[in-house]
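With the sequence up front, the predicted model follows.
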Amino acid sequence: MPSYEEDLSEFERRNAQVLGISTDQIFSLEAWAKSMGGLSYPLLSDFWPFGVTCVEYGILRWHGQAERAIFVVDREGKLRYIDVHDINEQPPTDKIMEALDKLR
């Protein structure tokens, strides 16, 4: 997530809104963001009803943690890019930027 903060100007140049979502509770997300020095984009909690958004996107693991995933959703709400990675891997930012460029 901090790497997206570093690339925020590139997302903004492409008229993209970065959002983070987790199954953690809001106070946990706030503490985590604070420990990273803060983030300037919203972090959303999918805690209650637990993981319903992650289930709908097909990324909730059996033990309740979400996969690391990137979704690019266009202005009409259609999924245009999906990238699911192991929780310990960083998804490639260049692929995300390419997907955003295709929306132009």
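Arrived safely, thanks for sending. Residues are numbered from 1 along each chain as shown.

just the helices in the protein please.
2-6, 8-13, 26-35, 52-56, 93-102 (DSSP state H).

Of all the residues in the helix or strand of the chain with the lowest mean pLDDT, which ones are buried?
Sorted by mean pLDDT, DSSP states H and E, the helices and strands of the chain end with helix 2-6, the least confident at a mean of 87. For helix 2-6, burial by neighbour count (16 or more other Cβ atoms under 10 Å) applies to 4, 5. In this view, the C-beta of every residue, glycine as well, is placed from N, C-alpha and C.

how about the helices of the chain in a markdown table, adding distance to residue 76?
Rendered in a markdown table, the data for the helices of the chain read as follows (distance: least, Cβ to Cβ, whole Å):
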| stretch | distance to residue 76 |
| --- | --- |
| helix 2-6 | 23 |
| helix 8-13 | 19 |
| helix 26-35 | 28 |
| helix 52-56 | 17 |
| helix 93-102 | 14 |
